[in-house]
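Visitor: Kindly return the folded structure for what I paste below:
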Amino acid sequence: MSSSAQLFQDMEDLYTVDIDFIASNLDDDKNGYWARSLIKTVVSFYEAQVFTLKNELIEFCDENNISIPPEILMFLKNLKYEIKDNGNIKEKYFQTTLKAEIKFIFNQICNLQNFELKFGYDDVRWSQLLRTIEVRNRLTHPKALNEQVVTKDEVEDCVVSLVWFYDNTTSFIKQHSENLDQQIQNYKVALGEATE
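Guide: Numbering: from 1, shown residues only. Just a heads-up that it's a prediction; the model follows:
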């Protein structure tokens, strides 16, 4: 397992513990603390997994001699460049929306690894994921006290969106495993060994 794949798994394990703990406290959530914590933690999980998926894709392409177009590689590394007044090039961190980041990495995994999304962006859960991101943004940049209130529908959106994200990322892992199994079978055939 590559270091990025291990990091992806470790992040998932860490956040699963956090999310399960938060969820276990939602029923007795008098002031909304646990609902707010759930939204913020789940969206942080998305951000962390997008980061590790990008690194994992770069490692995969390096290991398999797959050429990544320079403009795609730049976005996978979250970099942009600008020319300063002194004529020198300066590297800067590229910022975009989480919505764009998720679509970008999922699309690049599909393009560069020939994988397929298990559930697309027309799935209602994608819309719920986007609403969850909006709620997190509202919580972290409030303009009024009532913006700190998380409704039951918003909690439900969050939980359901997590399933959409998890189903797609685990589907990528399954497709990768199936590809490795096929490569092993191809090597066995090439070496004249009997296939199972």
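Visitor: Give me the nearest residue to the residue nearest the centre of the chain, chain neighbours excluded.
Guide: With distances taken as CA atoms, centre = their mean, the residue of the chain nearest its centroid is residue 50 (3.3 Å). What sits nearest to residue 50 in space, not counting adjacent residues and going by CB to CB, 6 or more residues apart in numbering, is residue 101, at 4.9 Å. Backbone N, C-alpha and C define where each C-beta goes, glycine included.
Visitor: I figured residue 105 hits residue 56, correct?
Guide: No. Under the criterion of CB atoms under 8 Å, residue 105 is not in contact with residue 56, lying 9.4 Å apart.
Visitor: okay, and the common contacts of these two?
Guide: Between them, residue 105 and residue 56 share no contacting residue under CB atoms under 8 Å, 6 or more residues apart in numbering.
Visitor: what does the strand or helix carrying residue 16 contact?
Guide: Secondary structure from DSSP states H and E places residue 16 in helix 3-24. Here helix 3-24 makes contact (CB under 8 Å, 6+ apart) with 1, 34, 37-38, 41-42, 44-45, 48-49, 52-53, 55-56, 58-59, 159, 162, 169.
Visitor: circling back: residues near the residue nearest to residue 50, how many?
Guide: 19 (other CB atoms under 10 Å).
Visitor: before we move on, what about the one 3 residues further on?
Guide: The tally of other residues near residue 104 (other CB under 10 Å) stands at 17.
Visitor: Show the subsequent helix or strand relative to the helix or strand where the residue nearest to residue 50 lies.
Guide: For residue 101, the host element (DSSP H and E) is helix 98-113. Toward the C-terminal end, the helix or strand that comes next after helix 98-113 (DSSP H and E) is helix 124-140.
Visitor: by contact count, what packs against the longest helix seen in the chain?
Guide: The longest helix of the chain (DSSP state H) is helix 152-190. Here helix 152-190 touches helix 3-24, helix 33-63, helix 98-113, helix 124-140, going by 3 or more CB pairs under 8 Å, 6 or more residues apart in numbering; DSSP states H and E.
Visitor: hmm, who's touching the third one?
Guide: Under the contact criterion CB under 8 Å, 6+ apart, helix 98-113 has outside partners 43, 46-47, 50, 53-54, 57, 60-61, 66, 68, 72, 75-76, 96, 115-117, 121, 129-130, 133, 165, 168, 172, 175-176, 179.
Visitor: ends of stretch 142-155, how far apart?
Guide: This stretch, stretch 142-155, spans 18 Å end to end (CA to CA, to the nearest Å).
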